[in-house]
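Enquirer: Got a predicted structure here, sequence first:
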Amino acid sequence: MPCQKGTCKRIAKLVGLVIVAGMVVGCKPNIQRQGKLADPEAVALLRTGLSRSDIVDLLGTPSSKDPFDPRVWYYISRQTRAIAFWDPSVLDQAVVKIRFDATDHVASIDQKIGTKDLVDISPNSRQIPSQGHSLGVLTQIFGNIGRFSGKAAQR
């Protein structure tokens with residue numbers, strides 16, 4: 001059925017408008033908050049001598065605990081911005097490190113806020129050499145011929 005006069009043009013304009021709107025929405029920056037954001041007023045109340053339960057009451061459970069030292073707690077938060085498929089960029093971050101003494105009271109508080117302490121860690125692309133040799137295709141296919149006896153298969 002052919003288009004009525006002007007109807008096809010309206011449909012084409014509508015489809016074009018929907019496509020352009022989809023592209024604009026797809027490029028909208030996506031702001032994400034990750035981790036446990038500590039309340040600045042609660043962080044201001046931190047001091048040495050407080051117990052673990054006092055810290056939990058003030059800040060909640062920690063974001064992370066040090067795997068090598070159970071007396072160290074971390075409260076970590078980060079705000080990132082990503083556009084479409086590009087890597088996200090860090091807008092802001094905060095880390096509060098609390099170390100407890102043997103009696104489970106706060107011994108020290110270390111607070112780092114902002115991106116000035118941000119360190120980019122990239123994986124090492126070098127390969128570790130392995131002992132031995134690499135097997136070729138023919139060695140992999142024919143290497144096991146004659147290694148097995150029929151007695152083991154009959155058990």
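Expert: Yep, it's here. Numbers count the residues shown, from 1 in each chain.
Enquirer: which residue ranges form the helices in this structure?
Expert: Under the criterion DSSP state H, helices of the chain are mapped to 7-26, 40-44, 52-59, 137-142, 150-154.
Enquirer: Would you tell me which one of the ones you listed is buried the most?
Expert: The highest average neighbour count among these, using mean count of other Cβ atoms under 10 Å, belongs to helix 52-59 at a mean of 15. All C-beta spots, glycine's among them, are computed from the backbone N, C-alpha and C.
Enquirer: between the helices of the chain, which one is nearest to residue 109?
Expert: Between residue 109 and the helices of the chain, the tightest spacing by Cβ to Cβ is seen for helix 40-44, at 8.6 Å.
Enquirer: what comes into contact with that closest one?
Expert: Residues outside helix 40-44 that contact it (Cβ atoms under 8 Å, 6 or more residues apart in numbering): 58-59, 96, 111.
Enquirer: do the same with stretch 105-120
Expert: Counting by Cβ under 8 Å, 6+ apart, residues outside stretch 105-120 touching it are 43, 46-52, 55, 71, 90-101.
Enquirer: Mind doing that once more with 10 Å?
Expert: With contact meaning Cβ atoms under 10 Å, 6 or more residues apart in numbering, stretch 105-120 is reached by 38, 40, 43, 46-52, 54-55, 71-79, 89-101.
Enquirer: returning to what we had before: so which of the helices of the chain gets nearest residue 83?
Expert: Comparing the helices of the chain by Cβ to Cβ, helix 7-26 comes nearest, at 9.3 Å.
Enquirer: Would you mind writing the CA trace of the closest one as PDB?
Expert: C-alpha atoms of helix 7-26 as PDB (Å, rounded to 0.1, in the frame of the first residue of the first chain):
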ATOM      1  CA  THR A   7       2.600  10.500   5.700                       C
ATOM      2  CA  CYS A   8       5.900   8.900   4.600                       C
ATOM      3  CA  LYS A   9       7.800  12.100   5.200                       C
ATOM      4  CA  ARG A  10       6.300  12.400   8.700                       C
ATOM      5  CA  ILE A  11       7.200   8.800   9.600                       C
ATOM      6  CA  ALA A  12      10.700   9.300   8.300                       C
ATOM      7  CA  LYS A  13      11.100  12.500  10.400                       C
ATOM      8  CA  LEU A  14       9.800  10.700  13.400                       C
ATOM      9  CA  VAL A  15      12.200   7.700  13.000                       C
ATOM     10  CA  GLY A  16      15.100  10.100  12.500                       C
ATOM     11  CA  LEU A  17      14.100  12.000  15.600                       C
ATOM     12  CA  VAL A  18      14.000   8.800  17.600                       C
ATOM     13  CA  ILE A  19      17.400   7.700  16.400                       C
ATOM     14  CA  VAL A  20      19.000  11.100  17.200                       C
ATOM     15  CA  ALA A  21      17.300  11.100  20.600                       C
ATOM     16  CA  GLY A  22      18.700   7.600  21.300                       C
ATOM     17  CA  MET A  23      22.200   8.700  20.400                       C
ATOM     18  CA  VAL A  24      22.000  11.700  22.600                       C
ATOM     19  CA  VAL A  25      20.800   9.700  25.600                       C
ATOM     20  CA  GLY A  26      23.600   7.100  25.000                       C
END
